[in-house]
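Participant: Any chance you could fold what I've pasted below:
(one chain, ligands or ions: 1)
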Amino acid sequence: MIRASRARTLSIRRSGLRPDYTRRVDLVSVNLAKDARKAGARVGLKSDAIVVEGGKPLTGRIEVRGAKNLATKAMVAALLGDTPSLLQGVPEISDVDVVTRMLDAYGVAVTSPAEGELLLDPSNVLKAHFAQIDALAGSSRIPILFCGPLLHRLGEALIPDLGGCRIGDRPIDFHMDALRAFGAIVDKSYEGIRITAPNGLHGANIELPFPSVGATEQVLLTAVRAQGVTELKNAAIEPEIMDLIAILQKMGAIIWTEANRTIFIEGVDSLSGYTHRAIFDRNEAASWAAAALATHGDIYVGGAKQLELMTFLNVFRKVGGAFDVHEDGIRFYHPGGQLHPVQVETDVHPGFMTDWQQPLIVALTQADGVSIVHETVYENRFGFTDALVDMGADIVVHKDGLESISRRVPRRKLEQAAVITGPTPLHGADVRVPDLRGGFSYLIAALSASGTSRITNLGIISRGYERFVEKLEALGADFRLEG
Ligand code: UD1
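Facilitator: Model prediction:
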(Lines give C-alpha, C1' and ligand atoms only; values in the text may rest on other atoms or scores of the structure.)
Protein backbone atom coordinates (compact mmCIF):
# COMPACT_ATOMS: atom_id res chain seq x y z
CA MET A 1 0.00 0.00 0.00
CA ILE A 2 2.20 2.79 1.30
CA ARG A 3 4.95 0.50 -0.02
CA ALA A 4 3.74 1.01 -3.58
CA SER A 5 3.91 4.77 -3.25
CA ARG A 6 7.34 4.52 -1.59
CA ALA A 7 8.60 2.40 -4.42
CA ARG A 8 7.32 4.92 -6.89
CA THR A 9 8.91 7.84 -5.05
CA LEU A 10 12.21 5.96 -4.95
CA SER A 11 12.16 5.24 -8.65
CA ILE A 12 11.36 8.88 -9.36
CA ARG A 13 14.30 9.94 -7.17
CA ARG A 14 16.61 7.53 -8.96
CA SER A 15 15.53 8.92 -12.30
CA GLY A 16 16.59 12.37 -11.07
CA LEU A 17 13.07 13.87 -11.22
CA ARG A 18 11.40 15.54 -8.26
CA PRO A 19 8.82 13.32 -6.53
CA ASP A 20 5.25 14.09 -7.51
CA TYR A 21 3.51 14.35 -4.13
CA THR A 22 0.05 14.90 -5.61
CA ARG A 23 0.33 11.60 -7.39
CA ARG A 24 1.58 10.01 -4.16
CA VAL A 25 -1.48 11.21 -2.24
CA ASP A 26 -3.66 9.80 -5.03
CA LEU A 27 -1.94 6.44 -4.75
CA VAL A 28 -2.52 6.43 -0.99
CA SER A 29 -6.25 6.98 -1.48
CA VAL A 30 -6.45 4.41 -4.28
CA ASN A 31 -4.72 1.90 -2.04
CA LEU A 32 -6.93 2.79 0.91
CA ALA A 33 -9.98 2.09 -1.26
CA LYS A 34 -8.44 -1.25 -2.29
CA ASP A 35 -7.76 -2.12 1.36
CA ALA A 36 -11.35 -1.23 2.17
CA ARG A 37 -12.76 -3.50 -0.54
CA LYS A 38 -10.50 -6.37 0.52
CA ALA A 39 -11.39 -5.95 4.20
CA GLY A 40 -15.11 -5.82 3.42
CA ALA A 41 -14.94 -8.86 1.14
CA ARG A 42 -13.31 -10.87 3.94
CA VAL A 43 -16.50 -10.65 6.00
CA GLY A 44 -18.94 -10.81 3.09
CA LEU A 45 -19.71 -7.08 2.95
CA LYS A 46 -21.23 -6.76 -0.52
CA SER A 47 -20.91 -3.02 -0.97
CA ASP A 48 -18.29 -0.43 -0.19
CA ALA A 49 -20.65 2.52 0.02
CA ILE A 50 -23.62 3.26 2.26
CA VAL A 51 -26.25 5.95 1.83
CA VAL A 52 -27.63 7.13 5.16
CA GLU A 53 -30.74 9.22 5.84
CA GLY A 54 -29.97 10.94 9.10
CA GLY A 55 -31.99 12.39 11.93
CA LYS A 56 -33.50 9.21 13.34
CA PRO A 57 -32.58 8.03 16.87
CA LEU A 58 -30.93 4.62 17.09
CA THR A 59 -32.88 2.42 19.47
CA GLY A 60 -32.78 -1.27 20.33
CA ARG A 61 -30.38 -3.95 21.47
CA ILE A 62 -27.16 -5.20 19.93
CA GLU A 63 -24.46 -7.58 21.21
CA VAL A 64 -20.72 -7.08 21.36
CA ARG A 65 -18.44 -10.10 21.34
CA GLY A 66 -14.73 -10.62 21.88
CA ALA A 67 -12.37 -7.66 21.55
CA LYS A 68 -10.54 -7.15 18.27
CA ASN A 69 -7.54 -6.08 20.35
CA LEU A 70 -7.49 -9.39 22.21
CA ALA A 71 -8.82 -12.00 19.76
CA THR A 72 -6.11 -11.42 17.16
CA LYS A 73 -3.34 -11.61 19.80
CA ALA A 74 -4.88 -14.71 21.41
CA MET A 75 -4.76 -16.35 17.98
CA VAL A 76 -1.04 -15.60 17.72
CA ALA A 77 -0.49 -16.98 21.25
CA ALA A 78 -1.87 -20.33 20.06
CA LEU A 79 1.36 -20.70 18.02
CA LEU A 80 3.26 -21.12 21.30
CA GLY A 81 1.31 -24.21 22.42
CA ASP A 82 2.19 -27.84 21.80
CA THR A 83 -1.51 -28.72 21.66
CA PRO A 84 -4.57 -27.05 20.04
CA SER A 85 -6.26 -23.99 21.54
CA LEU A 86 -9.94 -23.08 21.56
CA LEU A 87 -10.84 -19.38 21.43
CA GLN A 88 -14.46 -18.45 22.12
CA GLY A 89 -16.43 -15.26 21.53
CA VAL A 90 -14.44 -14.50 18.38
CA PRO A 91 -15.89 -11.55 16.46
CA GLU A 92 -16.54 -11.84 12.74
CA ILE A 93 -14.23 -9.01 11.69
CA SER A 94 -11.76 -8.84 8.85
CA ASP A 95 -8.70 -8.51 11.14
CA VAL A 96 -9.55 -11.98 12.52
CA ASP A 97 -9.71 -13.26 8.96
CA VAL A 98 -6.28 -11.75 8.19
CA VAL A 99 -4.71 -13.47 11.21
CA THR A 100 -6.46 -16.75 10.30
CA ARG A 101 -4.82 -16.58 6.86
CA MET A 102 -1.43 -15.77 8.36
CA LEU A 103 -1.64 -18.68 10.78
CA ASP A 104 -2.69 -20.88 7.88
CA ALA A 105 0.42 -19.75 5.98
CA TYR A 106 2.50 -20.91 8.97
CA GLY A 107 0.83 -24.32 8.97
CA VAL A 108 -1.57 -23.71 11.88
CA ALA A 109 -4.88 -25.41 11.08
CA VAL A 110 -7.68 -23.00 11.99
CA THR A 111 -11.23 -24.37 12.03
CA SER A 112 -14.49 -23.14 13.48
CA PRO A 113 -16.21 -25.92 15.46
CA ALA A 114 -19.12 -23.62 16.40
CA GLU A 115 -20.33 -20.08 15.77
CA GLY A 116 -17.82 -17.61 17.31
CA GLU A 117 -15.28 -20.33 18.09
CA LEU A 118 -11.87 -20.99 16.59
CA LEU A 119 -9.87 -24.15 17.07
CA LEU A 120 -6.19 -23.44 16.41
CA ASP A 121 -3.95 -26.45 15.91
CA PRO A 122 -0.21 -25.61 15.80
CA SER A 123 1.04 -29.23 15.48
CA ASN A 124 2.55 -28.67 12.04
CA VAL A 125 4.09 -25.19 12.15
CA LEU A 126 6.24 -24.47 9.12
CA LYS A 127 8.03 -21.57 7.44
CA ALA A 128 5.69 -19.43 5.39
CA HIS A 129 6.53 -17.94 2.01
CA PHE A 130 7.38 -14.29 2.52
CA ALA A 131 5.10 -13.27 -0.36
CA GLN A 132 2.09 -14.89 1.35
CA ILE A 133 2.59 -12.91 4.55
CA ASP A 134 3.49 -9.76 2.64
CA ALA A 135 0.22 -9.94 0.70
CA LEU A 136 -1.74 -9.98 3.98
CA ALA A 137 0.31 -7.42 5.87
CA GLY A 138 -1.08 -4.38 4.07
CA SER A 139 -4.20 -4.53 6.19
CA SER A 140 -2.81 -5.41 9.60
CA ARG A 141 -0.06 -4.67 12.11
CA ILE A 142 -0.40 -8.09 13.67
CA PRO A 143 2.55 -9.76 11.80
CA ILE A 144 4.94 -8.05 14.17
CA LEU A 145 3.51 -10.04 17.07
CA PHE A 146 4.42 -13.30 15.34
CA CYS A 147 8.13 -12.57 16.01
CA GLY A 148 8.55 -14.18 19.44
CA PRO A 149 6.42 -17.28 18.77
CA LEU A 150 8.11 -17.82 15.38
CA LEU A 151 11.57 -17.43 16.88
CA HIS A 152 10.70 -20.09 19.45
CA ARG A 153 9.08 -22.41 16.92
CA LEU A 154 11.22 -21.89 13.83
CA GLY A 155 14.28 -19.92 14.88
CA GLU A 156 13.46 -17.18 12.38
CA ALA A 157 10.80 -14.54 11.67
CA LEU A 158 10.38 -12.53 8.48
CA ILE A 159 8.26 -9.44 8.93
CA PRO A 160 7.01 -7.31 6.02
CA ASP A 161 6.19 -3.61 6.10
CA LEU A 162 3.25 -3.13 8.40
CA GLY A 163 -0.26 -1.86 7.75
CA GLY A 164 -3.06 -0.99 10.15
CA CYS A 165 -4.80 2.38 10.41
CA ARG A 166 -2.97 5.43 9.11
CA ILE A 167 -3.01 7.41 12.33
CA GLY A 168 0.60 8.47 12.69
CA ASP A 169 4.04 7.00 12.10
CA ARG A 170 3.33 3.90 14.19
CA PRO A 171 7.00 2.92 14.49
CA ILE A 172 8.18 -0.50 15.71
CA ASP A 173 11.39 0.53 17.48
CA PHE A 174 10.17 -0.63 20.92
CA HIS A 175 9.42 -4.05 19.45
CA MET A 176 12.82 -4.40 17.81
CA ASP A 177 14.73 -3.11 20.86
CA ALA A 178 12.87 -5.61 23.06
CA LEU A 179 13.65 -8.51 20.70
CA ARG A 180 17.32 -7.52 20.68
CA ALA A 181 17.30 -7.48 24.50
CA PHE A 182 16.11 -11.12 24.38
CA GLY A 183 19.15 -11.96 22.22
CA ALA A 184 17.55 -11.76 18.78
CA ILE A 185 19.39 -10.38 15.76
CA VAL A 186 17.41 -7.95 13.63
CA ASP A 187 18.39 -7.45 9.97
CA LYS A 188 16.56 -4.94 7.83
CA SER A 189 16.21 -5.52 4.13
CA TYR A 190 14.34 -3.69 1.40
CA GLU A 191 11.37 -6.07 1.58
CA GLY A 192 11.09 -6.19 5.35
CA ILE A 193 12.79 -7.36 8.54
CA ARG A 194 14.50 -10.69 9.23
CA ILE A 195 14.86 -11.70 12.86
CA THR A 196 16.90 -14.67 14.04
CA ALA A 197 18.05 -16.06 17.37
CA PRO A 198 21.09 -18.25 16.71
CA ASN A 199 21.86 -18.51 20.44
CA GLY A 200 18.25 -18.84 21.62
CA LEU A 201 16.26 -16.25 23.58
CA HIS A 202 16.97 -15.38 27.19
CA GLY A 203 15.12 -13.33 29.82
CA ALA A 204 15.80 -9.59 29.79
CA ASN A 205 15.31 -6.38 31.75
CA ILE A 206 13.28 -4.07 29.54
CA GLU A 207 11.87 -0.63 30.20
CA LEU A 208 9.55 0.70 27.53
CA PRO A 209 9.89 4.42 26.71
CA PHE A 210 6.06 4.53 26.57
CA PRO A 211 3.56 1.91 27.79
CA SER A 212 2.90 0.62 24.27
CA VAL A 213 0.19 -2.03 23.96
CA GLY A 214 1.86 -3.83 21.05
CA ALA A 215 5.35 -3.75 22.55
CA THR A 216 4.04 -5.11 25.87
CA GLU A 217 2.39 -7.97 23.98
CA GLN A 218 5.62 -8.54 22.07
CA VAL A 219 7.53 -8.92 25.33
CA LEU A 220 4.89 -11.25 26.83
CA LEU A 221 4.73 -13.50 23.77
CA THR A 222 8.53 -13.73 23.63
CA ALA A 223 9.39 -13.94 27.34
CA VAL A 224 7.05 -16.82 28.20
CA ARG A 225 9.39 -19.29 26.52
CA ALA A 226 12.70 -17.45 26.85
CA GLN A 227 15.25 -18.86 29.31
CA GLY A 228 15.16 -17.11 32.68
CA VAL A 229 13.18 -14.22 34.12
CA THR A 230 12.12 -11.09 32.25
CA GLU A 231 11.29 -7.84 34.01
CA LEU A 232 9.22 -5.43 31.95
CA LYS A 233 8.92 -1.87 33.28
CA ASN A 234 6.50 0.78 32.05
CA ALA A 235 4.26 -1.91 30.57
CA ALA A 236 0.79 -1.29 29.16
CA ILE A 237 -1.89 -2.72 31.45
CA GLU A 238 -4.94 -2.53 29.18
CA PRO A 239 -7.72 -5.05 30.01
CA GLU A 240 -6.91 -6.87 26.75
CA ILE A 241 -3.32 -7.31 27.96
CA MET A 242 -4.54 -8.72 31.26
CA ASP A 243 -6.73 -11.12 29.25
CA LEU A 244 -3.71 -12.16 27.17
CA ILE A 245 -1.79 -12.79 30.41
CA ALA A 246 -4.71 -14.95 31.61
CA ILE A 247 -4.50 -16.96 28.37
CA LEU A 248 -0.74 -17.41 28.68
CA GLN A 249 -1.15 -18.53 32.29
CA LYS A 250 -3.72 -21.11 31.14
CA MET A 251 -1.08 -22.34 28.69
CA GLY A 252 1.43 -22.89 31.49
CA ALA A 253 3.25 -19.55 31.65
CA ILE A 254 4.39 -17.95 34.92
CA ILE A 255 3.59 -14.22 34.91
CA TRP A 256 2.98 -11.77 37.72
CA THR A 257 2.36 -8.05 37.83
CA GLU A 258 3.61 -5.58 40.41
CA ALA A 259 2.91 -1.93 41.15
CA ASN A 260 3.94 0.82 38.73
CA ARG A 261 3.34 -1.03 35.46
CA THR A 262 5.92 -3.74 36.12
CA ILE A 263 5.39 -7.27 34.79
CA PHE A 264 7.60 -10.29 35.52
CA ILE A 265 7.67 -13.35 33.30
CA GLU A 266 9.52 -16.54 34.22
CA GLY A 267 10.27 -18.50 31.06
CA VAL A 268 9.12 -22.15 30.83
CA ASP A 269 10.24 -24.97 28.51
CA SER A 270 6.89 -25.71 26.95
CA LEU A 271 3.32 -24.45 26.79
CA SER A 272 0.09 -26.25 25.98
CA GLY A 273 -3.07 -25.02 24.24
CA TYR A 274 -5.79 -23.01 26.02
CA THR A 275 -9.56 -22.73 26.12
CA HIS A 276 -10.61 -19.13 26.61
CA ARG A 277 -13.51 -16.75 26.02
CA ALA A 278 -12.22 -13.40 24.75
CA ILE A 279 -12.88 -10.29 26.83
CA PHE A 280 -15.66 -8.10 25.35
CA ASP A 281 -14.83 -5.34 22.88
CA ARG A 282 -14.90 -2.17 25.00
CA ASN A 283 -14.06 -0.01 21.98
CA GLU A 284 -17.07 -1.26 20.09
CA ALA A 285 -19.26 -0.81 23.19
CA ALA A 286 -18.07 2.80 23.62
CA SER A 287 -18.72 3.47 19.93
CA TRP A 288 -22.36 2.36 20.16
CA ALA A 289 -22.74 4.36 23.38
CA ALA A 290 -21.59 7.49 21.54
CA ALA A 291 -23.99 6.64 18.70
CA ALA A 292 -26.88 6.50 21.20
CA LEU A 293 -25.91 9.92 22.55
CA ALA A 294 -25.35 11.65 19.22
CA THR A 295 -28.60 10.36 17.67
CA HIS A 296 -30.74 11.03 20.79
CA GLY A 297 -31.15 7.27 20.93
CA ASP A 298 -31.31 4.41 23.40
CA ILE A 299 -29.04 1.41 22.81
CA TYR A 300 -28.69 -1.66 25.00
CA VAL A 301 -25.19 -3.02 24.40
CA GLY A 302 -25.33 -6.69 25.38
CA GLY A 303 -22.00 -8.07 26.59
CA ALA A 304 -20.67 -4.66 27.73
CA LYS A 305 -19.22 -4.56 31.25
CA GLN A 306 -18.73 -1.67 33.64
CA LEU A 307 -15.20 -2.10 35.03
CA GLU A 308 -13.37 -1.98 31.68
CA LEU A 309 -15.46 1.05 30.66
CA MET A 310 -15.27 3.00 33.92
CA THR A 311 -13.25 5.91 32.52
CA PHE A 312 -15.47 6.12 29.46
CA LEU A 313 -18.64 6.01 31.59
CA ASN A 314 -17.47 8.99 33.67
CA VAL A 315 -16.94 11.11 30.56
CA PHE A 316 -20.19 9.87 29.01
CA ARG A 317 -22.05 11.00 32.14
CA LYS A 318 -20.27 14.38 32.26
CA VAL A 319 -21.29 15.05 28.66
CA GLY A 320 -24.90 14.42 29.64
CA GLY A 321 -25.39 10.79 28.60
CA ALA A 322 -27.17 8.29 30.83
CA PHE A 323 -26.47 4.59 31.34
CA ASP A 324 -27.81 1.67 33.38
CA VAL A 325 -25.48 -1.20 34.18
CA HIS A 326 -27.08 -4.67 34.00
CA GLU A 327 -25.78 -8.22 34.47
CA ASP A 328 -25.64 -8.91 30.74
CA GLY A 329 -24.90 -5.49 29.30
CA ILE A 330 -25.22 -1.72 29.60
CA ARG A 331 -28.05 0.50 28.37
CA PHE A 332 -26.79 3.82 26.97
CA TYR A 333 -29.21 6.64 26.22
CA HIS A 334 -29.75 10.34 25.73
CA PRO A 335 -31.93 11.37 28.71
CA GLY A 336 -33.05 14.61 27.05
CA GLY A 337 -31.77 18.13 27.70
CA GLN A 338 -28.62 19.81 26.51
CA LEU A 339 -25.26 18.03 26.25
CA HIS A 340 -22.32 19.58 28.11
CA PRO A 341 -18.81 20.34 26.83
CA VAL A 342 -15.86 18.45 28.36
CA GLN A 343 -12.08 18.41 28.38
CA VAL A 344 -10.61 14.99 27.71
CA GLU A 345 -7.05 13.72 27.46
CA THR A 346 -6.56 10.39 25.77
CA ASP A 347 -4.12 8.14 27.59
CA VAL A 348 -3.05 4.57 28.13
CA HIS A 349 -5.22 2.47 30.46
CA PRO A 350 -6.68 3.32 32.94
CA GLY A 351 -6.98 6.65 31.10
CA PHE A 352 -9.45 7.61 28.39
CA MET A 353 -8.61 5.39 25.46
CA THR A 354 -7.53 6.98 22.18
CA ASP A 355 -10.02 4.80 20.27
CA TRP A 356 -12.92 6.44 22.13
CA GLN A 357 -12.27 10.03 21.12
CA GLN A 358 -13.51 9.79 17.51
CA PRO A 359 -17.07 8.62 18.24
CA LEU A 360 -17.26 10.92 21.27
CA ILE A 361 -16.29 13.98 19.21
CA VAL A 362 -19.41 13.55 17.09
CA ALA A 363 -21.55 13.81 20.23
CA LEU A 364 -19.47 16.79 21.42
CA THR A 365 -20.43 18.74 18.29
CA GLN A 366 -23.91 18.84 19.89
CA ALA A 367 -22.73 19.96 23.34
CA ASP A 368 -23.41 23.53 24.42
CA GLY A 369 -19.97 25.16 24.56
CA VAL A 370 -16.31 24.47 23.89
CA SER A 371 -14.87 20.98 24.35
CA ILE A 372 -11.18 20.13 24.06
CA VAL A 373 -9.82 16.70 23.24
CA HIS A 374 -6.07 16.30 23.80
CA GLU A 375 -4.76 13.31 21.83
CA THR A 376 -1.64 12.19 23.70
CA VAL A 377 -1.19 8.65 22.34
CA TYR A 378 -0.97 9.12 18.57
CA GLU A 379 0.45 12.11 16.73
CA ASN A 380 -2.05 12.15 13.90
CA ARG A 381 -5.46 10.96 14.98
CA PHE A 382 -7.63 13.96 14.14
CA GLY A 383 -7.52 13.72 10.34
CA PHE A 384 -11.07 12.38 10.42
CA THR A 385 -12.40 15.69 11.77
CA ASP A 386 -12.08 17.40 8.32
CA ALA A 387 -15.15 15.54 7.08
CA LEU A 388 -17.09 16.42 10.23
CA VAL A 389 -16.32 20.09 9.51
CA ASP A 390 -17.70 19.55 5.98
CA MET A 391 -20.85 18.27 7.68
CA GLY A 392 -21.20 21.50 9.66
CA ALA A 393 -19.13 20.85 12.79
CA ASP A 394 -16.94 23.59 14.29
CA ILE A 395 -13.68 21.76 15.03
CA VAL A 396 -10.23 23.31 15.03
CA VAL A 397 -7.24 20.99 15.26
CA HIS A 398 -4.10 22.34 16.91
CA LYS A 399 -1.29 20.29 15.41
CA ASP A 400 1.19 21.16 18.17
CA GLY A 401 -1.27 20.53 20.97
CA LEU A 402 -2.56 23.00 23.55
CA GLU A 403 -1.56 23.85 27.08
CA SER A 404 -4.22 23.28 29.69
CA ILE A 405 -4.14 24.04 33.39
CA SER A 406 -6.49 21.21 34.28
CA ARG A 407 -4.75 18.33 32.57
CA ARG A 408 -3.35 15.27 34.32
CA VAL A 409 -1.58 13.45 31.46
CA PRO A 410 1.97 14.77 30.92
CA ARG A 411 2.42 16.53 27.59
CA ARG A 412 4.02 14.48 24.84
CA LYS A 413 6.08 15.96 22.04
CA LEU A 414 3.85 14.89 19.17
CA GLU A 415 0.43 15.40 20.65
CA GLN A 416 -2.45 17.31 19.09
CA ALA A 417 -5.63 18.91 20.37
CA ALA A 418 -9.08 19.34 18.85
CA VAL A 419 -11.30 22.20 19.95
CA ILE A 420 -14.96 21.49 19.30
CA THR A 421 -17.48 24.30 19.62
CA GLY A 422 -21.13 23.35 19.76
CA PRO A 423 -23.90 22.92 19.28
CA THR A 424 -23.74 22.92 15.50
CA PRO A 425 -26.40 21.13 13.47
CA LEU A 426 -24.81 18.55 11.17
CA HIS A 427 -25.94 18.06 7.59
CA GLY A 428 -25.39 15.15 5.21
CA ALA A 429 -22.26 14.95 3.03
CA ASP A 430 -20.20 12.59 0.87
CA VAL A 431 -17.34 11.25 2.96
CA ARG A 432 -14.62 8.63 2.68
CA VAL A 433 -13.64 6.47 5.65
CA PRO A 434 -9.98 7.24 6.51
CA ASP A 435 -9.42 4.69 9.30
CA LEU A 436 -11.31 2.33 11.59
CA ARG A 437 -12.53 4.58 14.43
CA GLY A 438 -12.76 7.68 12.24
CA GLY A 439 -14.97 5.62 9.93
CA PHE A 440 -17.37 4.64 12.67
CA SER A 441 -17.59 8.26 13.75
CA TYR A 442 -18.70 9.15 10.19
CA LEU A 443 -21.50 6.62 10.50
CA ILE A 444 -22.60 8.27 13.74
CA ALA A 445 -22.34 11.74 12.21
CA ALA A 446 -24.38 10.69 9.15
CA LEU A 447 -27.02 9.08 11.36
CA SER A 448 -27.39 12.21 13.49
CA ALA A 449 -27.20 14.71 10.61
CA SER A 450 -30.12 16.12 8.68
CA GLY A 451 -30.40 14.90 5.10
CA THR A 452 -28.52 12.30 3.13
CA SER A 453 -24.89 11.19 3.49
CA ARG A 454 -22.87 8.81 1.37
CA ILE A 455 -19.97 7.02 3.04
CA THR A 456 -17.39 5.13 0.99
CA ASN A 457 -14.47 2.84 1.98
CA LEU A 458 -16.99 1.11 4.23
CA GLY A 459 -14.90 -2.07 4.35
CA ILE A 460 -12.38 -0.37 6.68
CA ILE A 461 -15.08 -0.36 9.37
CA SER A 462 -15.40 -4.16 9.10
CA ARG A 463 -11.81 -4.46 10.34
CA GLY A 464 -13.10 -3.88 13.85
CA TYR A 465 -16.91 -3.70 13.94
CA GLU A 466 -18.64 -7.03 13.67
CA ARG A 467 -21.76 -7.12 11.44
CA PHE A 468 -22.22 -3.39 11.81
CA VAL A 469 -24.67 -3.24 8.91
CA GLU A 470 -26.96 -5.80 10.58
CA LYS A 471 -26.63 -3.92 13.87
CA LEU A 472 -27.58 -0.62 12.24
CA GLU A 473 -30.64 -2.36 10.81
CA ALA A 474 -31.55 -3.78 14.24
CA LEU A 475 -31.32 -0.27 15.71
CA GLY A 476 -33.72 1.16 13.14
CA ALA A 477 -31.23 3.18 11.09
CA ASP A 478 -32.44 4.46 7.74
CA PHE A 479 -29.86 3.46 5.11
CA ARG A 480 -29.19 1.46 1.99
CA LEU A 481 -26.03 -0.18 0.73
CA GLU A 482 -25.04 0.92 -2.74
CA GLY A 483 -24.51 -1.39 -5.65
C1 UD1 B 1 -3.09 -0.80 20.14
C2 UD1 B 1 -4.51 -0.99 19.67
C3 UD1 B 1 -5.13 0.34 19.24
C4 UD1 B 1 -4.96 1.39 20.34
C5 UD1 B 1 -3.51 1.47 20.79
C6 UD1 B 1 -3.34 2.39 21.99
C7 UD1 B 1 -4.50 -3.21 18.76
C8 UD1 B 1 -4.62 -4.07 17.56
N9 UD1 B 1 -4.53 -1.90 18.56
O10 UD1 B 1 -2.31 -0.38 19.01
O11 UD1 B 1 -6.52 0.11 19.01
O12 UD1 B 1 -5.35 2.64 19.83
O13 UD1 B 1 -3.04 0.17 21.19
O14 UD1 B 1 -4.15 1.98 23.04
O15 UD1 B 1 -4.43 -3.68 19.88
N16 UD1 B 1 5.11 3.40 19.60
C17 UD1 B 1 6.42 3.69 19.29
N18 UD1 B 1 7.26 2.64 18.99
C19 UD1 B 1 6.83 1.34 19.00
C20 UD1 B 1 5.47 1.06 19.33
C21 UD1 B 1 4.63 2.13 19.63
O22 UD1 B 1 6.84 4.85 19.27
O23 UD1 B 1 7.62 0.43 18.72
C24 UD1 B 1 4.18 4.53 19.90
C25 UD1 B 1 3.10 4.67 18.83
O26 UD1 B 1 3.55 5.39 17.71
C27 UD1 B 1 2.01 5.39 19.58
C28 UD1 B 1 2.15 4.81 21.00
O29 UD1 B 1 3.45 4.26 21.08
O30 UD1 B 1 2.30 6.77 19.63
C31 UD1 B 1 1.13 3.77 21.34
O32 UD1 B 1 1.17 2.69 20.42
P33 UD1 B 1 0.78 1.21 20.84
O34 UD1 B 1 0.25 1.21 22.25
O35 UD1 B 1 1.92 0.31 20.54
O36 UD1 B 1 -0.40 0.89 19.86
P37 UD1 B 1 -0.72 -0.44 19.06
O38 UD1 B 1 -0.31 -1.64 19.87
O39 UD1 B 1 -0.23 -0.33 17.67
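
Participant: how about the residues of the stretch 101-250 of the chain near the ligand?
Facilitator: Within reach of the ligand by Cβ under 6 Å from any ligand atom, the stretch 101-250 of the chain has these residues: 141, 168-175, 210, 212-215, 236. Quick note: C-beta positions are derived from backbone N, CA and C, even for glycine.

Participant: can you rerun that using 8 Å?
Facilitator: Contact residues, the stretch 101-250 of the chain versus the ligand (Cβ under 8 Å from any ligand atom): 141-142, 164, 167-177, 209-217, 236, 238, 240.

Participant: Filter those residues down to the buried ones, ChimeraX style.
Facilitator: Those of those that count as buried under 16 or more other Cβ atoms under 10 Å are selected in ChimeraX with:
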select :141,142,164,167,172,174,175,176,211,212,213,214,215,216,217,236,238,240
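
Participant: residue in the chain nearest to the ligand?
Facilitator: Residue of the chain nearest the ligand, by Cβ to the nearest ligand atom: residue 214 (2.9 Å).

Participant: show me the contacts for that residue.
Facilitator: Shown in contact with residue 214 (Cβ atoms under 8 Å, 6 or more residues apart in numbering): 141, 144-145, 172, 174-175.

Participant: Repeat that for residue 46.
Facilitator: 481, 483.

Participant: so it, which of the three states?
Facilitator: coil (DSSP: H, G, I helix; E, B strand; the rest coil).

Participant: Surely the residue of the chain closest to the ligand is within a helix?
Facilitator: Yes: with three-state DSSP as the criterion, residue 214 is part of a helix.

Participant: Show the contacting residues for the nearest residue to residue 59 once chain neighbours are set aside.
Facilitator: Once flanking residues are discounted, residue 59 sits nearest to residue 298: 4.7 Å by Cβ to Cβ, 6 or more residues apart in numbering. Residue 298 sits next to 57-59, 292, 331-334 when contact means Cβ under 8 Å, 6+ apart.

Participant: Return the distance of the residue positioned nearest the centre of the chain relative to residue 378.
Facilitator: The chain has residue 69 as the residue nearest its centroid, 6.0 Å off, counting by Cα atoms, centre = their mean. Applying Cβ to Cβ, to the nearest Å, the value for residue 69 to residue 378 is 15 Å.

Participant: low-scoring stretches of the stretch 151-300 of the chain, by residue?
Facilitator: 161-170 (pLDDT under 70).

Participant: run the last query once more with 90
Facilitator: 158-172, 188-193 (pLDDT under 90).

Participant: That one: strands as residue ranges?
Facilitator: With strands called from DSSP state E, counting those that start in this stretch, the stretch 151-300 of the chain shows them at 156-160, 185-188, 192-196, 205-207, 229-233, 254-258, 262-266, 275-277, 298-302.

Participant: Residue 126: which of the ones you listed is closest?
Facilitator: strand 156-160 (11.7 Å; Cβ to Cβ).

Participant: elements contacting that closest one?
Facilitator: helix 130-137, helix 147-154, strand 192-196 (3 or more Cβ pairs under 8 Å, 6 or more residues apart in numbering; DSSP states H and E).

Participant: highest average neighbour count across those?
Facilitator: helix 147-154 (a mean of 24; mean count of other Cβ atoms under 10 Å).

Participant: between that one and strand 192-196, what angle do the directions make?
Facilitator: With axes from the mean of the first three to the mean of the last three Cα atoms, to 10 degrees applied, the angle from helix 147-154 to strand 192-196 works out at 50 degrees.

Participant: Residues touching helix 147-154, excluding its own?
Facilitator: Under the contact criterion Cβ under 8 Å, 6+ apart, helix 147-154 has outside partners 76-77, 79-80, 106, 122, 125-127, 156-157, 159, 175, 179, 182, 184, 195-197, 201, 218, 221-223, 225.

Participant: Could you do stretch 392-406 as well?
Facilitator: 343, 361, 365, 372, 374, 382, 385, 388-389, 411, 415-422, 424-427, 445, 449.

Participant: That one: which residues count as buried?
Facilitator: In stretch 392-406, counting by 16+ other Cβ under 10 Å, buried: 392-393, 395, 397, 401.

Participant: is the ligand contacted by that stretch?
Facilitator: No: against the ligand, stretch 392-406 shows no contacts by Cβ under 8 Å from any ligand atom, the least distance being 13.4 Å.

Participant: mean confidence for that stretch?
Facilitator: Mean per-residue pLDDT for stretch 392-406: 91.

Participant: start at 595 instead
Facilitator: From this message on, residue numbering opens at 595, which makes the last subject stretch 986-1000.

Participant: Look at it and report the distance between its end residues.
Facilitator: The first and final residues of stretch 986-1000 sit 29 Å from each other (Cα to Cα, to the nearest Å).

Participant: Distance from the chain centre to that stretch, please.
Facilitator: Distance, stretch centre to chain centre, for stretch 986-1000: 23 Å (Cα atoms, centre = their mean, to the nearest Å).

Participant: Run through the helices of the stretch 945-1077 of the chain in chain order.
Facilitator: 951-958, 979-984, 1030-1042, 1062-1068 (DSSP state H, counting those that start in this stretch).

Participant: Can you tell me which of the ones you listed is nearest to residue 824?
Facilitator: For those, proximity to residue 824 was assessed by Cβ to Cβ; helix 1030-1042 is nearest, at 31.3 Å.

Participant: give me the number of residues near residue 1072?
Facilitator: Using other Cβ atoms under 10 Å, the number of residues around residue 1072 comes to 13.

Participant: Contact partners for it?
Facilitator: 646-648, 650.

Participant: and what of residue 797?
Facilitator: 776, 817, 820-824, 859-861.

Participant: Nearest spatial neighbour of residue 911, chain-adjacent residues omitted?
Facilitator: Nearest one to residue 911, counting by Cβ to Cβ, 6+ apart, is residue 917 at 7.3 Å.
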